[in-house]
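> can you look at this prediction? I've put the sequence above it.
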Amino acid sequence: MRPILLQGHERSLTQIKYNKDGDLLFSTSKDKVVCAWYSVNGERVGTYGGHTGALWTVDVDPTTTILATGSADNTIRLWDVRTGKELKMWEFQTAIKRVEFSEDGTLLLAVTEKRSGHLGTVVVFPITVDVEAEQVDKPSFTITFHESKATVAAWSYLNKYIITGHEDGRVSQYDVKTGELIKDVQAHELDMQITDIQMAPDRTYFVTCSKDKTAKILDVNELKVLKTYVTDTPLNTAAITPKKDFVILGGGQEARDVTTTSQRQGKFEARFYHKIFEDEIGRVKGHFGPLNTVRFPPLLFPSITSV
Amino acid sequence: MAPHREDGYDDDEEIDFSDLREQYEVQLDEGLDTFVVVDGCPKVPADSRPKLIKFLCKRLTEVGHISQDSVFMPLNEETNMTEGYAFVEYDTPDQALLACKQLNGMALDKKHTVYINKLTDIEHFGREGRIKEEYVEPEIEPFVEQEHLRSWLSDINSRDQFIMYRGENVGVFWNKKKDVPEPVVDRAGWTESFVQWSPQGTFLTSVHGQGVQLWGGPGWKRIMRFAHPMVNLVDFSPNEKYLVTWSNKPISIPENPPPNFPLGSDEDGKSFIIWDIKTGNLLRSFTSVEVTGDRDAELFEKSRKKVSWPVFKWSSDDKYVARVVPEQSIQVFETPSMLLLGKKAIKIEGVVDFEWSPSIPTAEKGKKEPAQLFCYWTPEMNNQTARVGLMSIPSKEIIRTRNLVNVSDCKLHWQSEGKYLCVKVDRHTKTKKSMYTSLEFFRVKEKNIPVEIVELKQVVINFAWEPKGDRFVFITVDEAIQGAQVAPKTSVHFYAPEKIKNGIGEFCLVKTVEKKNSNAIYWSPKGRFALIATVHSQQSFDLEFWDLDFEGEKQKQDKASKNKDLAANLMLMGTSEHYGLTDVEWDPTGRYVATSASMWKHAMENGYHLWDFKGTLLREEHIDKFKQFLWRPRPLIMLSKEEQKQIRKNLREYSKQFDEEDQFEAEVANKEVLEARKRQLDEWRAWRARIEKEVRWE
Amino acid sequence: EEHEDTLARRTIIEKKKEAAESALLKREKEEAQLRQIRAEEARAAEAARAAEQQKKREMERMKQEQEKIRKEELKKQLDELSLDAKIDVENLEDLDSNQLRAMKLAQLEKEKREMAEKLRITGKRIDHLERAFRREEVNVLPKDFER
């Protein structure tokens, strides 16, 4: 297996996503640019320019028609995947940390940041998957977090729930119809931020990871912790493989926390665990900084990790 | 019932329940059995209390209904923190009972496990506990206590224990080789600065601001407390009879001490206390010896800076304890009276240091008392040469002296049985421009104590005798190159005696390994194997595992000793590295060795590695805030020489049995792993099947 | 007239003689030159041949020397290896350095294996002895407590 290095961003990456067919890869970075790549050879297809702040998040609808991005410039933008044309812009009071299309592409959720005077929220917009269509201006509903803010969020199967991961280590389950809290568990250690949430392909369970150095699999209905993966480093990202029973975890000491700048110290390896047995299987070295985001293409074999 | 405060340093600190008790006593019939006590909660500041209560409620409602109002979580008024426990009222007694049964021992998170008991039970057992404290303690007979204290020796699997101190937790574990160590006990906040085993492993010492505590027995109960405010260091007598504590801050007794103040006015201004371990009695306290350095101000400064521990040194039979008054005398005290032997110190002008012989004294013919031996040295002064002397106690007779010139420093190394004394003499050339070392070997058990000399061109930085053996290893350092960035290279030298008839031949070089970075020697406590390491270095972390009695073909030895038959067959069994290595500890049997990286030295990859004697890595764990790894020492073997011989003879029989046991265990373990995996897989598949069905239905 | 004729004839004869002589001389000279050239050629050829021979001998000697050195080197290496299998030193022609390296590796591998096996046995004995002592010691523990 030979790694393909996609070089194009000038600052650290924040999120990567495959489209449903797995032929395209979208990446966001603090350098304010969204990139699209051919996943088969790593060639850059194009960029989506317009954001005026660091980008935090990206997602593409299941038909690869519309791309959604969220940024520190306090906007969510929709783009025509093919032409790169900006289709819509929603403005908020704070940065957008996560966007995700529902399974059918008809809903988009976004996590907004908490800042003095503004509570963290999750907003949901109905989407018309057509580049010609006029999109709504206002979200259909907003979930506001009075206690600990959400850091990540994802859709369950059949758009049943929104699952949120919080700064204090909790995982919550919200009713999509009413926006009300149904369940709430302290899945990770108290006050250890949840850094990533990724659904299994059928969206009946998901993996979360946290600064508490563990990753866990929970089911979407009961929020029961099914599996726990223990590592020795704060985690930034966790992914479930679509085929075979693995999870991949990534993280490492933040540059500012590393006492000496040696690579050995940072533990910047991608770690493979057996999904069911919870055992570590192996590590892939080669990164020079903490891993920020790991993704699996829907069915192709190559996996992507990024710094 | 859950232990309320496992650390239990001070019973007076325990919460006084008496008022609560009284209050509840009358209400006993009024449905107190819907109450449970939840212990082991996190201790949080007052403003986080509602959040914790809310969180706790969520977990506790799994077995019954409670409202947030029915949780009472007391606050410590002094610290404004919660106390770590809560009283909770369920709707019905059944729910409360269910909570005790199902939720007791539930993990709130990684660090906190809650213990749930019925309030009425706390009442019940609490009372019993009080009675125990009042009546049972004085009845404990010494031999009962003993049985408890050595129970770990009877482990049927013949395993050894070790302690790990990491973060705030101190835990004792059984060594399971490559498998996860089996916890024996693990307590948060067991010690405030470090832990230490007593020399035969009977007691575990914890060190606190108020003094030290000894723990032991199968229940890891507190055996004894020794109050010494601001204590820094602890030392035991070899047979665990006595304890020395030291604080760099002299004890100050308040003018009007509170009624329970543990120390009397005699202790005012003292830095050392010697205790009787069995009774807990203070035997005598001492001030630090002030060096009256009118002769040599430089020496005075040097000795003040250098804290060499232990200061009070014990004879091998615990009969005497002695310390040096630098440049003047050696004070030898008799136990348990702690009075000076012969009522006065032994005057030895200029004396710098001394060491007791570790040999077990036997009464010589014609003498009443068994004699002990110590060696000492005095530097060059007033046109006199430096001198090493051996003195017999109690006679105070000097039985051997040796004069030395051009001496910068001496270090005294006794072989573990007192057979030999090696004096490492660091010397300077006449111009004082360069340094070199000579090793002077006193063959103490031979007639007239002959001295053998190994003269070297370099300086020896480390020397170590093989325990119970006749061989030694030392490390020399090459001369530093002026202006060089890297530290000078070192050489490791292995020596063994020549094989001769009737006795021990001359010490000869077996091999020198040059151009190394090694700086430390760790002999297996049983001898034969030596681990040569580079510790406390920023660049190298080498480990070399040597065998001095390799059972294969005879290996080449140094040219100078080519034609001699030496009592060694040296072989490098394995080499490895442990990044960040700071400490090395052999297990008491010499079968395993642990290397660790302690946060006390640096923050890089703290944790430990476990190896076998030949350098195979069995296990490695990175543990945040790892501080100490200490094997539990064992007392001397209790079998007679004859019994041991018999066992050696029949080893084949035992071996067969052990092979069978090991094989069986391995099979069971394999089976367990397989079964656990199968269970996990089945569970996962069952869950997937169920969820898939549900989703399809939806 | 006759005289003149005679004289003339004589002169002619003289001239012819002279011419014949000079021709002879010339021929002789030419022949001598030719001979000299041939001789020189022969000498050069001989010298070349000798040089060739010399070179060939030198080469031969060098080759022998090299072979000797190689053999010695091999022998030395073999000695160092202290191989268990005896090798006919005279038949070293068949051995090249690759083969030797392979042998060396195999030898090292074997030594490593042997050492590992020796140490495994040692380790087992130490472990079993320790356990045997402890198993017996458990029986005397109660006595020790009573002391």
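Ah, there it is.
> contacting residues for B:N403?
Counting by C-beta atoms under 8 Å, 6 or more residues apart in numbering or on different chains, B:N403 touches B:385-387. No exception for glycine: its C-beta is placed from N, CA and C like everyone else's.
> of those, which is the most crowded?
Compared across the contacts of B:N403, B:A386 has the highest neighbour count, 22 neighbours, by other C-beta atoms under 10 Å in any protein chain shown.
> just to revisit the earlier point, can you add pLDDT and secondary structure and give the contacts of B:N403 back as a markdown table?
Output for these, formatted as a markdown table (pLDDT from 0 to 100; DSSP: H, G, I helix; E, B strand; the rest coil):
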| residue | pLDDT | secondary structure |
| --- | --- | --- |
| B:T385 | 92 | coil |
| B:A386 | 93 | strand |
| B:R387 | 94 | strand |
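> check those residues against chain A and report the nearest one.
B:A386 (44.8 Å; C-beta to the nearest C-beta).
> tell me the mean pLDDT for stretch A:220-227?
Averaging pLDDT along stretch A:220-227 gives 92.
> could the contacts of B:N403 be laid out in JSON lines, adding distance to chain C?
Formatted as JSON lines, these follow (distance: C-beta to the nearest C-beta, whole Å):
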{"residue": "B:T385", "distance to chain C": "47"}
{"residue": "B:A386", "distance to chain C": "43"}
{"residue": "B:R387", "distance to chain C": "43"}
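> okay, now the closest residue to chain A within chain C: neighbour count?
Nearest to chain A in chain C, going by C-beta to the nearest C-beta, is C:A116, at a distance of 26.2 Å. Neighbourhood size, C:A116 [other C-beta under 10 Å]: 14.
> if I look at it, how far off is A:A95?
Per C-beta to C-beta, to the nearest Å, C:A116 is found 60 Å from A:A95.
> one more: B:Y242?
Applying C-beta to C-beta to B:Y242 and A:A95 gives a distance of 67 Å.
> can you check B:Y608 too?
Noted for B:Y608: a distance of 43 Å to A:A95, by C-beta to C-beta.
> which one's more surrounded, the two?
Neighbours per residue (other C-beta under 10 Å) separate B:Y608 from A:A95, with B:Y608 holding more: 25 against 21.
> pull the contacting residues for that one.
B:164, B:594-597, B:620-621, B:623, B:626, B:629.
> run the last query once more with 6 Å
B:594, B:596, B:621, B:629 (C-beta atoms under 6 Å, 6 or more residues apart in numbering or on different chains).
> burial check on A:M199, number of neighbours?
Count around A:M199 with other C-beta under 10 Å applied: 19.
> so B:K43 sits against B:G84, correct?
Yes. Between B:K43 and B:G84 there is a contact under C-beta atoms under 6 Å: 4.7 Å.
> who has more neighbours out of those two?
Neighbours per residue, other C-beta under 10 Å: of B:K43 and B:G84, the larger number sits with B:G84, 19 against 14.
> let me know the pLDDT of the more buried one.
83.
> so how far is the lowest-mean-pLDDT helix or strand in chain C off the chain centroid?
Every helix and strand of chain C was ranked by mean pLDDT, DSSP states H and E. The lowest is helix C:97-146, at a mean of 85. In terms of C-alpha atoms, centre = their mean, to the nearest Å, the centre of helix C:97-146 is found 49 Å from the chain centre.
> mind checking if that helix is in reach of chain B?
Yes. Using C-beta under 6 Å from any C-beta of the partner chain, helix C:97-146 comes into contact with chain B via C:118-119, C:122, C:127-128, C:130-132, C:134, C:137-138, C:140-141, C:144-146.
> now do the buried residues in the helix or strand where B:V185 lies.
Here B:V185 sits within strand B:182-188, counting by DSSP states H and E. For strand B:182-188, the neighbour count (16 or more other C-beta atoms under 10 Å in any protein chain shown) marks B:184-185, B:187 as buried.
> out of those, flag the one nearest to A:I194.
Closest approach between the buried residues of strand B:182-188 and A:I194, by C-beta to C-beta: B:R187, at 30.5 Å.
> that closest one and B:V195, how far apart?
11 Å.
> overlap in contacts of those two?
The contact sets of B:R187 and B:V195 overlap at B:V170 (C-beta under 6 Å, 6+ apart).
> show me where the stretch 101-250 of chain A has its strands.
Here the stretch 101-250 of chain A has its strands, by DSSP state E, counting those that start in this stretch, at A:107-112, A:120-126, A:141-145, A:150-155, A:161-166, A:171-175, A:181-185, A:194-199, A:205-210, A:214-219, A:225-230, A:235-240, A:246-251.
> circling back to that earlier point, tell me which of the buried residues of strand B:182-188 is nearest to chain C?
Among the buried residues of strand B:182-188, and counting by C-beta to the nearest C-beta, the member closest to chain C is B:V184, at 17.4 Å.
> got the residue ranges for the helices in chain A?
Counting by DSSP state H, chain A has helices at residues A:263-266.
> tell me which helix or strand of it sits lowest on mean pLDDT?
The least trusted helix or strand in chain A, going by mean pLDDT, DSSP H and E, turns out to be strand A:304-306, with a mean of 50.
> how far away is B:W684 from B:K678?
11 Å.
> neighbour count winner among those two?
Ranked by neighbour count (other C-beta under 10 Å), B:W684 and B:K678 place B:W684 first, with 17 against 10.
> element containing that one?
Assigned by DSSP H and E, B:W684 falls in helix B:651-697.
> where does residue 287 land on pLDDT?
Picking chain A for this. pLDDT, A:H287: 66.
> oops, chain B please
89.
> what's the burial count for it?
By other C-beta under 10 Å, the residues close to B:T287 number 12.
> was I right to think it contacts B:K270?
Yes. Using C-beta under 6 Å, B:T287 is in contact with B:K270, at 5.5 Å.
> what distance do you get for A:T52 to B:K433?
From A:T52 across to B:K433, the span is 71 Å (C-beta to C-beta).
> B:K554 now?
Separation of B:K554 from B:K433 (C-beta to C-beta): 42 Å.
> ditto for A:T228
From A:T228 over to B:K433 the distance is 65 Å, taken as C-beta to C-beta.
> these two: who's more crowded?
A:T228 (13 against 7).
> that one: what's it in contact with?
Residues counted as contacts of A:T228 (C-beta under 6 Å, 6+ apart) are A:214, A:216.
> and it, what are its bridge partners?
Here A:T228 sits in beta bridges with A:K216, as judged by DSSP bridges.
> find the centremost residue of chain C, please.
Against the mean C-alpha coordinate of chain C, by C-alpha atoms, centre = their mean, the closest residue is C:K63 at 2.4 Å.
> whichever residue of the stretch 151-300 of chain A sits closest to chain C and A:F272, how far apart?
As assessed by C-beta to the nearest C-beta, chain C sits closest to A:G282 within the stretch 151-300 of chain A, at 26.2 Å. Counting by C-beta to C-beta, the gap from A:G282 to A:F272 is 5 Å.
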